[in-house]
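Engineer: Predicted model and sequence below, questions to follow.
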Amino acid sequence: MTIGPEISETACPTGLRFERMHNSGRKLLLHIGTHKTGTSSIQKALYENQACLDDLGYKFYFRGKGGVDRKTGISGGWFDRNEDPRDGLRLSKELAETLGNTEGNILFCQENLSWVFSRETIQSFHEELKKHFEHISIVIYIRRQDKLAISHHQQGSKSTEFFSSVFYGSENKALPSYQDYFQKYLNFHERIALWTDAFGKDQVQPRVFDKKYLFGEDVVSDFFNMLGATETIRTDWVNESNGFVRTKVNHLFNRIDMERHRREKLNRRLDNSGRLAPLRQEATDFYSHFRESNCKLNQQFNLTPEEFLFDDDFSSYPNAPGDEWTEDSANDAILSLLVGIKSIPAIWQGNANILLQCISVLKEIDIQSASELQQLYDKYYPDHARPGLSRSFRDRSARMSRKIMSLLTNS
């Protein structure tokens, strides 16, 4: 964390500083995303600078459902998946009451609120919150849709635990193919309207995730400046993207629901350089589905001087495919996976520890059996291992386990 020099009182490029909006009554500030706009970095900075927040009159609520503190500032457990991923996430009814029962002015930062597409849910959320708070403000950072979708789709490749992995699917390319239901998430005008209709337009502040519109050209500095901080707060950037090979292979891992421990071990072998990029025309076509709605949002909130809210510069994208395998890149990835598979232990760590405990016990009872079991352990873990246990290994282990139990019972 770096704390910079004092900044100007007027240095807030968009919107009002929230602490000046209300002088009395209990306050709640909701940061609702959007994903891939530095939310994890903001949460980390909020967690690390809670003393600063106290001075600004806010308490950062970062605990998950059940009071779990993940030490990252990310409050989890408040959402469940709908049966149809196109319907987004369900919000726990307990969240409003939990925030209300926490003393003081509350700041809650959770980007998964952007996955809530139900007008009724958001309206009910507001009705419950206003029982506890006199003043509720909402901030949401937005990003040009093609850039957001590329980054969000890449994040989804990391694990099926990310809802983006099911929303966009596991299509093995930089930019997911446009689907009409993407409008529920990427049409900012309509999605933000769900919140303005419930909470009121004056209580909702969209902010553009673009360096030229962020205070200090940094989203963490921008957020703290919006709160009224007189010092520039920065933190390390978190949740960095994967490279070309790792992203493409992990989309394939998602298709077979690869176990986390195997995925982690194999990923260590994969090259993580470079980035996937769609064709320039592909990105332009994808973005075209949202230009008009962006224009409406900009007319409503006057966020930028651009007619369609964001710039129309697509020159960073290649004119040749930047997300397809070549013979060399595919062969390198396959070779890395084969090497990784060879290194995965036949026995998972937890089972290996049990075997070591058995060996330790057997040494006091039957040194010959302990030696035999040690040989099995040395053979299958960790050197010269392969995924899965061979039938002969399972049979020998079963016989050894019965012998151990017999020895322990009769000793």
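Structural biologist: Now that the structure is in, tell me what you want to look at.

Engineer: CA only for contacts and neighbour counts going forward, please
Structural biologist: OK.

Engineer: for the stretch 301-411 of the chain, what spans make up the helices?
Structural biologist: Shown for the stretch 301-411 of the chain, the helices assigned by DSSP state H, counting those that start in this stretch span residues 327-343, 349-363, 367-380, 391-410.

Engineer: Tell me which residues are up against the host helix or strand of residue 97.
Structural biologist: Assigning secondary structure by DSSP states H and E places residue 97 in helix 94-100. Identification of contacts with helix 94-100 by Cα atoms under 8 Å, 6 or more residues apart in numbering yields 61, 65, 78, 106, 125, 128, 129, 131, 132, 133.

Engineer: Worst mean pLDDT among the helices of the stretch 301-411 of the chain?
Structural biologist: Here the lowest mean pLDDT among these goes to helix 391-410, at a mean of 56.

Engineer: Just the buried subset of the contacts of helix 94-100, written out for PyMOL, thanks.
Structural biologist: PyMOL command restricting the contacts of helix 94-100 to the buried ones, with burial defined by 16 or more other Cα atoms under 10 Å:
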select buried, resi 61+65+78+106+125+128+129+132+133
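
Engineer: List the contacts of the lengthiest strand in the chain.
Structural biologist: In the chain, with assignment by DSSP state E, the single longest strand is strand 135-142. By Cα under 8 Å, 6+ apart, the residues outside strand 135-142 that reach it are 18, 22, 25-34, 37, 130, 188, 199, 203-209.

Engineer: Now the buried members of those residues.
Structural biologist: By 16+ other Cα under 10 Å, these give 18, 26-34, 37, 130, 188, 199, 203-209 as buried.

Engineer: if you look at those residues, which of them are in strands?
Structural biologist: 27, 28, 29, 30, 31, 204, 205, 206, 207, 208.

Engineer: I'd guessed the second one sits against residue 106; true?
Structural biologist: Yes: using Cα atoms under 8 Å as the test, residue 28 is close enough to residue 106 to be in contact (4.8 Å).

Engineer: Output the below-cut-off pLDDT ranges for the stretch 201-350 of the chain.
Structural biologist: Along the stretch 201-350 of the chain, segments meeting pLDDT under 70 span 238-239, 345-350.

Engineer: 80 instead, please
Structural biologist: Scanning the stretch 201-350 of the chain for pLDDT under 80 picks out 234-240, 342-350.

Engineer: now swap in the stretch 1-150 of the chain and tell me
Structural biologist: 1-24, 66-76.

Engineer: now with 90?
Structural biologist: Scanning the stretch 1-150 of the chain for pLDDT under 90 picks out 1-25, 63-77.

Engineer: ranges for the helices of it?
Structural biologist: Under the criterion DSSP H, counting those that start in this stretch, helices of the stretch 1-150 of the chain are mapped to 39-48, 50-55, 94-100, 119-129, 145-156.

Engineer: mind listing what's buried in the fourth one?
Structural biologist: Neighbour-count burial for helix 119-129 flags 121, 122, 123, 125, 126, 128, 129 (criterion: 16+ other Cα under 10 Å).

Engineer: Residue 129 and residue 94, how far apart?
Structural biologist: 11 Å (Cα to Cα, to the nearest Å).

Engineer: was I right about residue 185 contacting residue 115?
Structural biologist: Yes: using Cα under 8 Å, residue 185 makes contact with residue 115 at a distance of 6.9 Å.

Engineer: out of these two, which sits in the busier spot?
Structural biologist: Between residue 185 and residue 115, counting by other Cα atoms under 10 Å, residue 115 is the more crowded of the two (26 against 20).

Engineer: Now that one. Nearest residue, chain neighbours left out?
Structural biologist: residue 88 (5.0 Å; Cα to Cα, 6 or more residues apart in numbering).

Engineer: what's near enough to touch that neighbour?
Structural biologist: Counting by Cα under 8 Å, 6+ apart, residue 88 makes contact with 81, 82, 115, 116, 117, 167.

Engineer: With distance to residue 296 added, can I get the contacts of helix 94-100 in TSV?
Structural biologist: Listed next are the contacts of helix 94-100 as TSV, based on distance: Cα to Cα, whole Å:
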residue	distance to residue 296
61	33
65	37
78	31
106	31
125	26
128	30
129	29
131	32
132	33
133	30
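
Engineer: Nearest to residue 150 among the contacts of helix 94-100?
Structural biologist: The shortest approach to residue 150 among the contacts of helix 94-100 belongs to residue 78, at 25.9 Å (Cα to Cα).

Engineer: what's near enough to touch the closest one?
Structural biologist: Here residue 78 is in contact with 64, 65, 91, 92, 94, 95 (Cα under 8 Å, 6+ apart).

Engineer: The first one touches residue 92, doesn't it?
Structural biologist: No: applying Cα under 8 Å as the test, residue 64 and residue 92 come out as separate, 11.3 Å apart.
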